[in-house]
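# Provided below are the primary sequence and the corresponding predicted coordinates.
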Amino acid sequence: MAESTIKNEKTTNKKGFFRKKDTNSKEKKVLPSFTRYEKFIIFILSCIQFSVILDFMVLSPLGYILIPKLHITTSKFGFVVSAYAFSAGASALLAAGFADRFDRKKILLFFYTGFIIGTALCAAAPTYEFLLGARIVTGLFGGVIGSISLAIISDLFKLEFRGRVMGFVQMAFAASQILGIPIGLFIAKNLGWHAPFVMIVAVSIIVASCIYFYMQPVSAHLTEKSNTNPFEHLWKTISNPHYLKGFFATTLLATGGFMMMPFGTVFSTHNLKISEDSLPLIFGITGVASIIVGPIIGRLSDRIGKYKMFVIGSVISILMVCIYTHLGPTPLWLVITLNVILFVGISSRMIPSSALLTGVPEPKDRGAFMSINSSVSQISGGIATGIAGMIVVQQGDGELQHYPILGFVVMGSMTLTLGLMYMLNQQIHKKNAMAKSNH
């Protein structure tokens, strides 16, 4: 949808809004503004991201309430949390073969409605078994929504403008942590543990209504008819050598992201000697910084190039992981500063890489590719967490051993991803150059 960069003349796009037209290609690259409809799409997809991520993340902090309320063990609670991830990964893979056979608006509404129903079941769950089943239902539908959103972004926005779009959508991830989780905990404390799920259902119904009444069909990909059945389509997408590079890149990206995350609070309290009362402050300031820099990183990705931005983010992340994992007792102000810089580096990797990966599949395969990619990400994240748990050892006094080794593994993964993303970037540029020469 977004048109090429322009400078003086105006042209009218399909939606009837005006954009400037480029009269001098040698001028400094100027990024055009989005139309009102495009802003609506970005806002809606960001709201979807916020609600789905919040639903996934809000359960973990409720453990101290749920374990005594439902009379369950910590292992049973852990299974409730992981049930969502496993069902989400499975459904994303199973839906891949069908993802490109329907109008993306309709398939988004179908899975988002299922997600709302699953969350409503969580809000009504009277027992552990009921809650477990509700989380599986929620994961089955919620696990596909992210991939559908990415397919819609790929269909409606040209690659050169997707960095900014991803900047806003990824910003919703940070917002779900900094705003959603504290509010969810506050509501749970005062109104009971069911209340946060009621809140998510209420917000999601409003978002679903906006999609139904205001979002236009997204069906351009249906013009390329396919004679293969859904399972053949799934296999051809998985076995495509060009797509395999993208799946492998996602595996490495997930490895770098998930390995350190589960042990962050333990390392902060026991190794860095930060009090538990200070953790909300650390995560709050880090979350605010992530919200602020997300759109900036997205704009820079489109302006200087997505791979260049990814390299900058990777260098920052590698340096900060090296420093952070070797720290001992550290003042609070320094821990906050290092956390902010580290998350800026991580955002500078995730936003351009997410935008770049949307350029890998052909239009007829976008839904399948994004679904498989989502499944790969979730499964890889689970495996990475398990490997991290085998590397790190907690001593009797609570301190973590071998955290620097974990840091080196993460740095190695980030370094390998640099090479793989370079190959993908070259592949995408060649594909786009061939497409332009054929027109």
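Arrived safely.
# List the residues that contact Cys122.
Contacts for Cys122 were tallied using Cβ atoms under 8 Å, 6 or more residues apart in numbering; they are Leu131, Ala134, Arg135, Thr138, His194, Phe197. From N, CA and C alone the C-beta is placed, and that goes for glycine too.
# Apply 6 Å and report the result again.
Ala134, Phe197 (Cβ atoms under 6 Å, 6 or more residues apart in numbering).
# cool, Ile336 as well?
Taking Cβ under 6 Å, 6+ apart as the definition of contact, the neighbours of Ile336 are Ile282, Ile285.
# Correct me if wrong, but it is in a helix.
Yes: when the secondary structure is assigned by DSSP: H, G, I helix; E, B strand; the rest coil, Ile336 falls within a helix.
# And it, how far from Met370?
For Ile336, the distance to Met370 under the criterion Cβ to Cβ, to the nearest Å works out to 35 Å.
# now swap in Ser290 and tell me
The span separating Ser290 from Met370 equals 23 Å under the rule Cβ to Cβ.
# who's more crowded, these two?
In this view Ser290 and Met370 are compared by other Cβ atoms under 10 Å, and Met370 has more residues nearby, 29 against 22.
# For that one, which non-adjacent residue is spatially closest?
Closest residue to Met370 in three dimensions, ignoring its sequence neighbours and counting by Cβ to Cβ, 6 or more residues apart in numbering: Ser147, at 3.7 Å.
# pretty sure that neighbour is touching Ser371, no?
Yes: with contact defined as Cβ atoms under 6 Å, Ser147 reaches Ser371; the gap is 4.4 Å.
# Tell me which of the two has more neighbours.
Taking other Cβ under 10 Å, Ser147 and Ser371 do not tie; Ser371 has more neighbours (29 against 25).
# For Gly287, see how far away the nearest residue to Leu70 once chain neighbours are set aside is.
Leaving out its chain neighbours, the residue that sits closest to Leu70 by Cβ to Cβ, 6+ apart is Tyr128, at 4.6 Å. In this structure, Tyr128 lies at 31 Å from Gly287, with Cβ to Cβ as the measure.
# what do you get for Ile316?
For Ile316, the distance to Gly287 (Cβ to Cβ) stands at 18 Å.
# same thing with Thr223?
In this view, Thr223 and Gly287 are 42 Å apart by Cβ to Cβ.
# follow-up on the earlier one: of Ile316 and Gly287, give the one with the bigger neighbour count.
Just comparing Ile316 and Gly287: by other Cβ under 10 Å the higher neighbour count belongs to Gly287, 22 against 19.
# Give me the mean pLDDT for whichever strand or helix holds that one.
Secondary-structure assignment from DSSP states H and E places Gly287 in helix 279-304. When pLDDT is averaged along helix 279-304, the result is 86.
# next one: stretch 334-341
The average pLDDT within stretch 334-341 is 92.
# in it, what's buried?
Val335, Ile336, Leu338, Asn339, Val340, Ile341 (16 or more other Cβ atoms under 10 Å).
# With distance to Leu159 as new columns, can those be given to me in CSV?
What follows is the buried residues of stretch 334-341, written out as CSV (distance: Cβ to Cβ, whole Å):
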residue, distance to Leu159
Val335, 38
Ile336, 36
Leu338, 34
Asn339, 32
Val340, 30
Ile341, 29
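# Any regions of the stretch 251-400 of the chain where pLDDT drops low?
Applying pLDDT under 70 to the stretch 251-400 of the chain flags residues 257-258, 262.
# Would you map the strands across it?
When assigned using DSSP state E, counting those that start in this stretch, the strands of the stretch 251-400 of the chain occupy the ranges 393-394, 400-401.
# Out of those strands, which is the most enclosed?
Relative to the other members of the strands of the stretch 251-400 of the chain, strand 400-401 carries the highest mean neighbour count by mean count of other Cβ atoms under 10 Å, namely a mean of 15.
# Which members of the buried residues of stretch 334-341 define the maximum pairwise distance?
Distances among the buried residues of stretch 334-341 were taken as Cβ to Cβ; the most separated pair is Val335 and Ile341, at 11.1 Å.
# Residue nearest the middle of the protein, spatially speaking?
For the chain, the residue whose C-alpha lies nearest the mean C-alpha position (Cα atoms, centre = their mean) is Gln170; its distance is 6.3 Å.
# Quick one, grab the pLDDT at it.
Turning to Gln170, the model gives it a pLDDT of 81.
# buried residues in stretch 174-188?
Neighbour-count burial for stretch 174-188 [16+ other Cβ under 10 Å]: Ala174, Ala175, Ser176, Gln177, Ile178, Leu179, Gly180, Ile181, Gly184, Leu185, Ile187, Ala188.
# Now go through these and say which are in helices.
The helices, defined by DSSP state H, take in Ala174, Ala175, Ile181, Gly184, Leu185, Ile187, Ala188 from those.
# Which member of those residues is positioned nearest His71?
Taking Cβ to Cβ as the measure, Ala188 is the one of these closest to His71, at 17.7 Å.
# Quick check: that closest one touching Pro196?
Yes: at 5.3 Å, Ala188 counts as touching Pro196 under the criterion of Cβ under 6 Å.
# Neighbours of Leu279, how many?
14.
# Then the one 5 residues further on?
Burial of Gly284, expressed as a neighbour count using other Cβ under 10 Å, amounts to 15.
# Quantify the burial of Thr237 by counting its neighbouring residues.
Around Thr237 sit 26 other residues, with neighbours defined as other Cβ under 10 Å.
# picking that back up, and the helix holding Gly287, how far from the chain's centre?
Taking the mean of its C-alpha atoms, helix 279-304 sits 14 Å from the chain's own mean (Cα atoms, centre = their mean, to the nearest Å).
# Buried residues of it, list them for me.
If you call a residue buried by 16+ other Cβ under 10 Å, then helix 279-304 has these buried ones: 282-283, 285-287, 289-291, 293-295, 297-303.
# in stretch 382-393, what counts as buried?
Gly382, Ala384, Thr385, Ala388, Ile391, Val392.
# Please work out which residues outside that stretch touch it.
The list of residues contacting stretch 382-393 from outside it, by Cβ under 6 Å, 6+ apart, reads Thr255, Phe258, Met259, Pro262, Phe263, Leu400, Gln401, His402, Ile405, Leu406.
# how about a cut-off of 10 Å?
Outside stretch 382-393, the residues within contact range by Cβ atoms under 10 Å, 6 or more residues apart in numbering are 82, 85-86, 89, 251-252, 254-263, 266-267, 399-403, 405-410, 413.
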